[in-house]
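Enquirer: I would like to see how this sequence folds:
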Amino acid sequence: MGKAKLLDYLRGELAISNSAIAVALRHSEQDASQLPMVLWQYGLVTLEQLNLIFDWLDGSSAD
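Expert: Predicted structure coming up:
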């Protein structure tokens, strides 16, 4: 699963702003898989959104 698909999902399905994504990307440069947790830690997504992201990631990895 590519980072671009995750970013498209965050922007398209969850309406996460580009600026919020940019902040999270700066803080997860070492490991892009940490992006969902960084978004949550900085209060950029809710716990419900975080769960949706993880569900989406689980579904995407099955493809």
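Enquirer: Count the residues that sit near the closest residue to residue 27 other than its chain neighbours.
Expert: Excluding its sequence neighbours, the residue lying closest to residue 27 (C-beta to C-beta, 6 or more residues apart in numbering) is residue 38, at 4.9 Å. From N, CA and C alone the C-beta is placed, and that goes for glycine too. Residue 38 is surrounded by 20 other residues when neighbours are defined as other C-beta atoms under 10 Å.
Enquirer: before we move on, what about residue 25?
Expert: Under the neighbour criterion other C-beta under 10 Å, residue 25 is assigned a count of 15.
Enquirer: Equivalent analysis for residue 10, please.
Expert: Residue 10 is surrounded by 25 other residues when neighbours are defined as other C-beta under 10 Å.
Enquirer: any idea which element it lies in?
Expert: Per DSSP states H and E: residue 10 is located in helix 3-12.
Enquirer: Okay, buried residues for that helix please.
Expert: Within helix 3-12, the residues that count as buried by 16 or more other C-beta atoms under 10 Å are 6, 7, 9, 10.
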